[in-house]
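Enquirer: this one's structure only:
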């Protein structure tokens with residue numbers, strides 16, 4: 001199966017799953033049970049309401065490595081910058097996203113065990129208490145679910161754009177702007193092309209097809225002389241510089257000075273480099289070594305011919321791709337839009353400046369998340385500090401037009417943890433409700449409704465299509481775990497970016513693991529080894545601040561020399577985003593409230 005056909009199949013499968021999940025929600029069915037990481041409900045460490053057990057740095061004997069199957073990666077070296085796309089486990093046999101309707105009052109599917117009392121609908125006095133979620137999703141399955149959700153939303157948005165384009169011009173296709181034309185056998189692109197400088201870090205929606213031969217005429221590869229026939233040659237006056245059009249043809253025995261990149265005169269035999277010839281006092285050019293016909297001439301079409309496909313759809317636009325596109329004649333490209341993201345910082349205990357005091361702490365996630373999300377390819381449109389205000393959270397989720405909302409904290413079941421009750425109030429659909437990973441197991445992924453609650457059925461969708469929410473735990477390293485587990489694969493799916501090729505590195509030292517769950521541990525790479533870092537508790541950032549990535553530690557721990565999958569951080573990832581961490585503040589036009 002070709003790469004494009006595989007991608008189409010993946011999107012079709014994702015859309016089918018979305019439709020199935022929606023049908024379940026509309027029928028009022030309860031979400032299906034998902035297996036715990038240990039394979040048994042109620043296993044220690046699977047509840048989404050408690051923090052990581054004990055201090056992760058506390059010494060404990062690691063269990064036998066291999067209790068949980070390691071990631072299927074064996075490479076010791078990092079992949080090349082343009083890594084081959086990975087399906088991220090999307091086609092694993094028997095797997096599908098764990099969708100969970102959170103509409104209150106729905107009957108459980110026939111034959112399923114009840115999950116506890118049905119939460120009451122919200123009342124003016126306040127939201128219903130959050131139900132304890134005890135059915136966590138295995139870590140790798142959670143990542144697959146997130147990527148499926150992103151791919152589904154991207155496929156649906158692309159289809160909507162195509163439908164809108166057809167309705168706008170049902171008979172006569174709109175001509176592509178200058179610099180964006182394609183060969184006649186290529187379907188016309190949809191949407192408005194993006195100016196070349198603005199496409200960096202985005203993915204191609206259409207093939208990059210050469211609009212001209214490269215080079216478009218025979219050019220000189222060196223400074224020197226263009227000569228015709230055998231030597232010595234009579235040197236003509238003047239010379240040919242790059243940018244000059246249609247130089248005069250040469251006759252046998254003639255030579256002319258020529259610059260690198262200049263157009264070759266007709267009937268030229270070869271180019272002699274400046275250092276390989278000399279001119280005598282009679283104005284004759286002599287070669288100091290054998291002259292081979294065609295030497296140091298770049299023939300027309302040497303790199304490509306007009307109509308050749310240079311890059312397929314889905315390719316990441318890197319600085320080199322920008323150069324190639326410009327050389328091939330493009331002024332603009334059809335690229336996927338950056339997913340629009342809003343960050344909602346929750347918690348009354350957070351300070352935005354000064355030292356921690358009187359039971360309050362500095363907010364670390366507000367400054368950290370926006371540039372991290374931009375490095376993952378997102379456009380951060382707003383960062384809002386909502387405190388522990390349930391109504392403010394409801395209003396933000398109900399009215400936002402962002403593709404993704406990221407919340408910090410409030411995902412457990414404490415007295416001011418409002419995320420679950422607010423999702424129920426909105427009629428959202430939980431895709432992942434707790435993950436068998438430490439730190440960060442109370443993280444969640446939800447699909448938000450398309451319309452504001454109270455609007456008539458069939459009303460226009462909010463925003464540009466499907467909206468999602470990633471609920472991150474409030475502890476900083478736990479939030480990083482949630483970013484890499486749910487937000488990163490979701491954003492890749494939304495932006496059409498392929499997953500990087502997985503790779504593994506052997507541990508230099510033993511590392512403790514959780515008895516039942518996957519554990520993500522900051523590591524630094526030294527030669528071929530991954531060195532586990534200290535200060536890796538859920539509330540700590542000191543380890544991740546100097547890390548190259550996170551090691552995926554199976555249940556029971558890892559031993560020295562054992563190869564574990566490494567998750568690169570965005571600024572350390574080969575082929576990652578360019579220039580995303582260099583700017584200051586939010587994206588242009590963003591609001592910070």
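Expert: Right, received. Where do you want to start? This structure is a prediction, so every number in the text was calculated from the model and none was measured.
Enquirer: quick one: buried residues of stretch 525-540?
Expert: Within stretch 525-540, the residues scored as buried using 16 or more other C-beta atoms under 10 Å are 525, 529-533, 536-540. Using the backbone N, CA and C atoms, a C-beta is placed for each residue, glycine as well.
Enquirer: quick check: mean pLDDT across it?
Expert: Across stretch 525-540, pLDDT averages out at 93.
Enquirer: show the end-to-end separation of that stretch, please.
Expert: 20 Å (C-alpha to C-alpha, to the nearest Å).
Enquirer: same question for stretch 420-436.
Expert: Across stretch 420-436, first to last residue, C-alpha to C-alpha, it's 18 Å.
Enquirer: where in the stretch 1-150 of the chain is pLDDT low?
Expert: The stretch 1-150 of the chain contains residues with pLDDT under 70 at 1-134.
Enquirer: one step back: just the ones of the buried residues of stretch 525-540 in strands?
Expert: If you go by DSSP state E, these have 525, 529-532 in strands.
Enquirer: need the max-distance pair from the buried residues of stretch 525-540.
Expert: Pairwise distances across the buried residues of stretch 525-540 (C-beta to C-beta) peak at 27.3 Å, for the pair 529 and 539.
Enquirer: residue contacts, the closest residue to residue 316 other than its chain neighbours?
Expert: For residue 316, ignoring the flanking residues on the chain, the nearest one in space by C-beta to C-beta, 6 or more residues apart in numbering is residue 203 at 5.7 Å. Residue 203 is in contact with 313-317, 335-336, 495-497, counting by C-beta atoms under 8 Å, 6 or more residues apart in numbering.
Enquirer: now swap in residue 369 and tell me
Expert: Residue 369 touches 343, 383, 406, 408, 479, 483, counting by C-beta under 8 Å, 6+ apart.
Enquirer: equivalent analysis for residue 231, please.
Expert: With C-beta under 8 Å, 6+ apart, residue 231 has these contacts: 253, 255, 285-287, 291.
Enquirer: which residues in the stretch 251-400 of the chain form helices?
Expert: For the stretch 251-400 of the chain, the helices defined by DSSP state H, counting those that start in this stretch cover 319-327, 365-375, 390-399.
Enquirer: how about the first one: buried residues?
Expert: Think helix 319-327. Of the residues in helix 319-327, 321-322, 324-325, 327 count as buried by neighbour count, 16+ other C-beta under 10 Å.
Enquirer: run a quick neighbour tally on residue 241.
Expert: 14 (other C-beta atoms under 10 Å).
Enquirer: export the contacts of residue 203 as TSV, with columns for neighbour count and distance to residue 270.
Expert: TSV is the format used below for those (neighbours: other C-beta atoms under 10 Å; distance: C-beta to C-beta, whole Å):
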residue	neighbour count	distance to residue 270
313	19	41
314	18	42
315	18	37
316	24	40
317	24	38
335	25	42
336	23	46
495	23	48
496	25	47
497	25	46
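Enquirer: rebuild the residues you listed as a markdown table, extending it with distance to residue 297 and pLDDT.
Expert: Supplementary listing: the contacts of residue 203 in a markdown table, determined by distance: C-beta to C-beta, whole Å; pLDDT from 0 to 100:
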| residue | distance to residue 297 | pLDDT |
| --- | --- | --- |
| 313 | 35 | 89 |
| 314 | 36 | 85 |
| 315 | 31 | 89 |
| 316 | 34 | 89 |
| 317 | 32 | 92 |
| 335 | 36 | 91 |
| 336 | 40 | 88 |
| 495 | 42 | 88 |
| 496 | 40 | 84 |
| 497 | 40 | 84 |
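Enquirer: ok, these vs residue 564, which is closest?
Expert: residue 497 (24.0 Å).
Enquirer: circling back to that earlier point, residue 563: which of the buried residues of helix 319-327 is nearest?
Expert: For those, the nearest to residue 563 is residue 321 (32.6 Å; C-beta to C-beta).
Enquirer: so that closest one makes contact with residue 327?
Expert: No - between residue 321 and residue 327 there is no contact, the gap being 10.6 Å when judged by C-beta atoms under 8 Å.
Enquirer: give me the low-pLDDT residue ranges for the stretch 401-550 of the chain?
Expert: Residue ranges of the stretch 401-550 of the chain with pLDDT under 70: 451-464.
Enquirer: okay, strands next: where are they in it?
Expert: 404-408, 429-433, 435-438, 444-448, 467-472, 504-506, 518-526, 529-532, 549-553 (DSSP state E, counting those that start in this stretch).
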